[in-house]
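**Q** got a structure for you, letters missing:
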Ligand SMILES: CC(C)(COP(=O)(O)OP(=O)(O)OC[C@H]1O[C@@H](n2cnc3c(N)ncnc32)[C@H](O)[C@@H]1OP(=O)(O)O)[C@@H](O)C(=O)NCCC(=O)NCCS
């Protein structure tokens, strides 16, 4: 397996991986009427906003070479939020504001497309943010750690002094991973945890 820059042709795999890890790290396919919904919020916009802050883990699945994971985000959440509100939200809100809801998760995600993005109170020290998802076949072999290391270098190069992430309380594996990686706990809202990493 190898870590490489994002290419435009990786886009369908972002949606696929996002859905197949979208239920607190487990496959969320059965929870969504629309298989693209989760990727429309948590993956694809980042690649459109700034592909430099997307890294791909490439490997083989069933003899086929393809992306097996990604880490993506932004060096500046305020700039990303402004871009999302201007360039992504109007189209997505028109598509997803109303529609069938197969699960509570789908209902809450549909609502997110109509709520403005807010900045966390630790924004000044951790202005970037990230999401990481690996298919089960790529998990547990050290690639998650390597992806965060590579993403840290990329964001440092882009002038970012620190980044944060949110993880739901139902994702015990994700929480254990971030703790083991050595991330700093920044907050514990009722839905989960914020962790962060300083880069300077
Ligand atoms: C969470 C995830 C990114 C971790 O990546 P990974 O490649 O499986 O983790 P790694 O193999 O790099 O593990 C790195 C370290 O964390 C530890 N770790 C990983 N998962 C752990 C767990 N569930 N409990 C305890 N330690 C864990 C490893 O033992 C390893 O420790 P070491 O470096 O000291 O040997 C990956 O499993 C994943 O994508 N899961 C599904 C999607 C998801 O939950 N994403 C996060 C959403 S917020």
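**A** Cool, got the structure. Keep in mind that what you see is a predicted model, and the values were worked out from it rather than measured.
**Q** going by C-alpha atoms from here, please, whenever you check contacts or count neighbours.
**A** Fine.
**Q** number of residues surrounding residue 91?
**A** For residue 91, the tally of surrounding residues (other C-alpha atoms under 10 Å) stands at 12.
**Q** just the element for the most centrally placed residue in the chain, please.
**A** Geometric centre of the chain, nearest residue: residue 131, 2.5 Å, by C-alpha atoms, centre = their mean. Taking DSSP states H and E as the definition, one finds residue 131 inside strand 128-134.
**Q** downstream neighbour of that strand in the secondary structure list?
**A** helix 143-157.
**Q** hmm, who's touching that next one?
**A** Applying C-alpha atoms under 8 Å, 6 or more residues apart in numbering, the contact partners of helix 143-157 are 3, 52-55, 57, 70-72, 74-75, 128, 132, 134, 162, 181, 199-200.
**Q** buried subset of the residues you listed, written for ChimeraX?
**A** In ChimeraX, this line selects whichever of these come out buried by 16 or more other C-alpha atoms under 10 Å:
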select :3,52,53,54,55,57,70,71,72,74,75,128,132,134,162,199
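**Q** in helices only, show me the contacts of helix 143-157.
**A** The helices, defined by DSSP state H, take in residue 181 from these.
**Q** before we move on, back to that, surely the residue nearest to the centre of the chain meets residue 42?
**A** Yes: judged on C-alpha atoms under 8 Å, residue 131 makes contact with residue 42 at a distance of 7.4 Å.
**Q** what does this structure put close to the ligand?
**A** Within the chain, the residues that sit near the ligand (C-alpha under 6 Å from any ligand atom) are 21, 24-25, 132-134, 139-145, 167, 173-174, 176-177, 180-181.
**Q** can you do 5 Å?
**A** 21, 25, 133-134, 139-145, 167, 173-174, 176-177, 180 (C-alpha under 5 Å from any ligand atom).
**Q** quick one: buried ones out of those?
**A** 21, 25, 133-134, 143-144, 167, 174.
**Q** TSV for those residues, including pLDDT?
**A** Below are those laid out as TSV (pLDDT from 0 to 100):
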residue	pLDDT
21	98
25	97
133	98
134	98
143	98
144	98
167	98
174	98
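**Q** which strand in the chain runs the most residues?
**A** Assignment by DSSP state E gives strand 64-74 as the longest strand of the chain.
**Q** okay, now the sheet partners of that one, with direction.
**A** When sheet partners are counted by DSSP bridges, strand 64-74 sits next to strand 54-61 (antiparallel), strand 128-134 (antiparallel).
**Q** that'll do, ta.
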